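Student: can't give you the sequence, but here's the structure:
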């Protein structure tokens, strides 16, 4: 079994749509139409496995996927 590179990020306050859009942009889609990555959410942590040799997400990219709630 081949081990894929994995990155773990804190899932708290992450906009899932923004994250998935970012991952598709960075890691792309294969010729078969499948994502070149997969994501697991466990215990409020995202585990991102990438099938390509692309680098891991940067802190700035992760920060752009965050949602922040305003306190009234």
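Tutor: Nice, thanks for sending it over. Everything numeric here is computed off the predicted structure, so don't read it as measured data.
Student: Just name whatever secondary elements the longest helix belonging to the chain is in contact with.
Tutor: Ranked by residue count, the top helix of the chain under DSSP state H comes out as helix 16-27. If you count contacts as 3 or more C-beta pairs under 8 Å, 6 or more residues apart in numbering; DSSP states H and E, helix 16-27 packs onto strand 37-42, strand 45-50, helix 59-64. Where C-beta positions appear, they are placed from N, C-alpha and C, glycine not excepted.
Student: Give the buried residues for the first one.
Tutor: Within strand 37-42, the residues that qualify as buried are 37, 39, counting by 16 or more other C-beta atoms under 10 Å.
Student: Residue 14: neighbour count?
Tutor: 17 (other C-beta atoms under 10 Å).
Student: What's opposite it in the beta bridge?
Tutor: Going by DSSP bridges, residue 14 is paired in beta bridges with residue 66.
Student: who touches it in this structure?
Tutor: Listed by C-beta atoms under 8 Å, 6 or more residues apart in numbering, the contact set of residue 14 reads 46, 62, 65, 66, 67.
Student: now this structure, which segments are flagged as low pLDDT?
Tutor: 1-2, 69-72 (pLDDT under 70).
Student: repeat that for 90
Tutor: Across the chain, the ranges flagged by pLDDT under 90 are 1-5, 12, 29-30, 51-54, 67-72.
Student: about what we covered before: closest one to residue 10 among the helices and strands packed on helix 16-27?
Tutor: Residue 10 lies closest, by C-beta to C-beta, to one member of those: strand 45-50, at 6.4 Å.
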